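**Q** curious how this folds, go ahead:
(chains A, B, C and D)
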Protein chains: 2
Amino acid sequence: MAQPQTKKAEPPSDSITLTRREREKAARRDTILEAAKDLFYQKGFPDTTMEEIAAAAEVSKGTLYLYFSSKDELYVSIILEGFQIIDGKLEEISATKGDLVEKGRSMFMTFVEFCLENREYFRITQYFLSETARRNLPAALIEGLSTYTTGLLGYVADLVAEGKTAGIIRDDVDPYTFAVIAWRTATGILDLAVIEDETGLAGGEYLDLFEQAFDFLLGGAMERS
Amino acid sequence: MAQPQTKKAEPPSDSITLTRREREKAARRDTILEAAKDLFYQKGFPDTTMEEIAAAAEVSKGTLYLYFSSKDELYVSIILEGFQIIDGKLEEISATKGDLVEKGRSMFMTFVEFCLENREYFRITQYFLSETARRNLPAALIEGLSTYTTGLLGYVADLVAEGKTAGIIRDDVDPYTFAVIAWRTATGILDLAVIEDETGLAGGEYLDLFEQAFDFLLGGAMERS
DNA sequence: TAATATTATGACCACCGGTCAGAAGCGAGC
DNA sequence: GCTCGCTTCTGACCGGTGGTCATAATATTA
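**A** Numbering: from 1, shown residues only, chains lettered A, B, ... in the order given. Next up, the predicted model:
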């Protein structure tokens, strides 16, 4: 997940020791990351303490801070992992040949379903928007997240642009703007859908709401023949 | 802010003592609430401590807990106040006669602008969606919020229903569903717009994004003549 | 004024994220 | 194989926070 890993197989006696060290460091980092992910997903971000993560990773609390500068940075690293998974799925859809509208719907629903199946992950990404999180985070991480987001939106924007060329989407629709709006509509509804104890709609019922939201947005962007 | 206030001006010697006590209690509660609101709006929720609120309200920290069971409950009480302001604005728009589409846009943008002008308020409402907040909150407060939300959405749903009657909105559009989607689209984008330090778009630029989002949604719901 | 009930106080507690001085581990040179 | 020096690890410790509770102050009643 996002770490060099430097698996170079050049073993002259000199550099090999350094390389093994690096590998061990990366492995420990991964161990911590996995432990943290399990706990965050199980108990949520605020209820997971650094002490617990340290115990689960079988290191001391101090060691945590040798690999991650703060609790916030730790979970942002986990976010990035999730981003890469979604990125893979969208790229796959993007590569298929087929009806443009169905490809769009598929992207939208794939994103939604991933977030519904990984609620804790979604909650974490949302928490990241909060002012507090951003104040305490290394600028590099924020930058990284923005880049990933832009990348994901790119798949949608490209599709919309294709739709314009094909005469399906209106000329005055800006592809990237549409992508942003669709993305934020999805997350807005997800905020609701991710709440377990809600009196109203339950899990599956929300899928229809997402479908309808997509239909409205698309309908507003399509060329009316 | 949802407290009785009991300003009754009936002063028979017997009940007056009891009433005065009640009034004093309510007044204290209000004082605390005002102090907390000022601080929350100024410094944000996480950076405001109970000690500070106590100092600002000129009471001790312990007293805070005689009036509010937790920090969470304190600020949710503030949320309810904000809801009533929005409710008033939407009701006003609802009562005007005029173009249905413009009324809808006006409701959407009024909500958005209120949230942009009261970012702290908006952040609080969003935080309220989190699992943690819900676990620690009195059921009555959650119930209250749901009721208010349903009320706000009612204005939009009624307008959509009117649009259907007028033949502007498609027959198969469910008014309440549309209202929910529009609401969540707004909050989804607001999540982004409310971040100060964002590299990309700045404050005002978002207004256009909201307008476009509204246009897409509406376009998808309108009867295509 | 004395007895009682209500309300306010702030020292105190548990807990958490984060730090740091020192311990432990490990490779290199003699 | 022993020591020296560097890297990695540790856990006691710190500052600060939300929340509690025995006690004090105040108001009410008799």
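
**Q** return stretch A:125-139 as CSV; C-alpha atoms alone will do.
**A** Taking Å, rounded to 0.1, in the frame of the first residue of the first chain, the C-alpha atoms of stretch A:125-139 are listed here in CSV:
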residue,chain,number,x,y,z
THR,A,125,-12.8,9.6,4.5
GLN,A,126,-15.6,11.8,5.6
TYR,A,127,-14.0,12.6,8.9
PHE,A,128,-11.0,13.6,6.9
LEU,A,129,-12.9,16.6,5.6
SER,A,130,-13.2,18.0,9.0
GLU,A,131,-11.2,21.1,9.9
THR,A,132,-9.5,19.4,12.8
ALA,A,133,-8.2,16.5,10.8
ARG,A,134,-6.7,18.9,8.2
ARG,A,135,-5.0,21.1,10.7
ASN,A,136,-3.0,18.2,12.2
LEU,A,137,-2.1,16.5,8.9
PRO,A,138,1.2,16.7,7.0
ALA,A,139,0.7,18.7,3.9
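
**Q** how many residues are close by residue A:165?
**A** Residues lying near residue A:165 (other Cβ atoms under 10 Å in any protein chain shown) number 10. Heads up, the C-betas are built off the backbone N, CA and C, glycines and all.

**Q** from DNA strand C, how far out is it?
**A** Relative to DNA strand C, residue A:165 is positioned 48 Å away (Cβ to the nearest atom of the strand, to the nearest Å).

**Q** one more: residue A:115?
**A** 24 Å.

**Q** can you give me the distance of that residue to DNA strand D?
**A** Taken as Cβ to the nearest atom of the strand, the span from residue A:115 to DNA strand D is 29 Å.

**Q** would you confirm that that residue contacts residue A:121?
**A** Yes. The pair residue A:115 / residue A:121 is scored as a contact, 7.1 Å apart, by Cβ atoms under 8 Å.

**Q** please identify the helix or strand for the closest residue to residue A:37 other than its chain neighbours.
**A** Spatial nearest neighbour of residue A:37, chain neighbours left out: residue A:78 (5.1 Å); criterion: Cβ to Cβ, 6 or more residues apart in numbering or on different chains. For residue A:78, the host element (DSSP states H and E) is helix A:71-95.

**Q** tell me the contacts of residue A:163?
**A** A:100-101, A:104, A:169 (Cβ atoms under 8 Å, 6 or more residues apart in numbering or on different chains).

**Q** in the helix or strand harbouring it, what's buried?
**A** Following DSSP H and E, one finds residue A:163 within helix A:139-165. By neighbour count on 16 or more other Cβ atoms under 10 Å in any protein chain shown, the buried set for helix A:139-165 is A:141-142, A:144-145, A:148, A:152-157, A:159-164.

**Q** could you do stretch A:71-81 as well?
**A** Per 16+ other Cβ under 10 Å, stretch A:71-81 contains these buried residues: A:71-80.

**Q** just give me the closest of the residues you listed to residue B:215.
**A** Using Cβ to Cβ, residue A:79 comes nearest to residue B:215 of the buried residues of stretch A:71-81, at 31.5 Å.

**Q** just checking, that closest one touches residue A:126?
**A** No. Under the criterion of Cβ under 8 Å, residue A:79 makes no contact with residue A:126, lying 10.3 Å away.

**Q** let me see the contact set for residue A:41.
**A** Contacts of residue A:41 (Cβ under 8 Å, 6+ apart): A:118, A:120-121.

**Q** and of the buried residues of stretch A:71-81, the nearest to DNA strand C?
**A** residue A:71 (3.6 Å; Cβ to the nearest atom of the strand).

**Q** surely the closest one touches residue A:50?
**A** Yes. The criterion here is Cβ under 8 Å, and residue A:71 meets it with residue A:50 at 5.9 Å.

**Q** dihedrals phi and psi, residue A:169?
**A** Main-chain dihedrals, residue A:169, degrees, to the nearest 10: phi -100, psi 140.

**Q** list the beta-bridge partners for it.
**A** residue A:222 (DSSP bridges).

**Q** domains for chain A, by residue range?
**A** A:1-68, A:72-221 (automatic domain parsing).

**Q** quick one: least confident helix or strand in chain A?
**A** helix A:131-136 (a mean of 69; mean pLDDT, DSSP states H and E).

**Q** residue contacts, the residue nearest the centre of chain A?
**A** By Cα atoms, centre = their mean, the mean C-alpha position of chain A lies nearest to residue A:83, the distance being 3.0 Å. By Cβ under 8 Å, 6+ apart, the residues touching residue A:83 are A:145, A:148-149, A:152.

**Q** mind redoing it with 6 Å?
**A** Going by Cβ atoms under 6 Å, 6 or more residues apart in numbering or on different chains, residue A:83 touches residue A:148.

**Q** burial check on the residue nearest to residue A:119 when sequence neighbours are not counted, number of neighbours?
**A** In space, and not counting its chain neighbours, residue A:119 is closest to residue A:194: 4.9 Å by Cβ to Cβ, 6+ apart. Look at residue A:194: counted by other Cβ under 10 Å, it has 22 neighbours.

**Q** and the pLDDT for residue A:194?
**A** Listed pLDDT for residue A:194 reads 85.

**Q** same deal with residue A:158?
**A** The predicted local confidence for residue A:158 is 97.

**Q** other residues contacting the helix or strand that contains residue A:190?
**A** Using DSSP H and E, residue A:190 sits in helix A:175-193. Residues from elsewhere that reach helix A:175-193 (Cβ under 6 Å, 6+ apart): A:111-112, A:115, A:122, A:153, A:156-157, A:160-161, A:206, A:213, A:217, A:221, B:129, B:184-185, B:187-189, B:213.

**Q** what does chain A put close to chain B?
**A** Residues of chain A lying near chain B by Cβ under 6 Å from any Cβ of the partner chain: A:44, A:46, A:129, A:132, A:181, A:184-185, A:187-189, A:191, A:213, A:216-217, A:219-221, A:224.

**Q** filter these down to the buried ones, ChimeraX style.
**A** To isolate the buried members of the residues of chain A next to chain B in ChimeraX, using 16+ other Cβ under 10 Å:
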select /A:44,129,181,184,185,187,188,189,191,213,216,217,219,220,221
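
**Q** so how far is residue A:40 from residue A:217?
**A** 31 Å (Cβ to Cβ, to the nearest Å).
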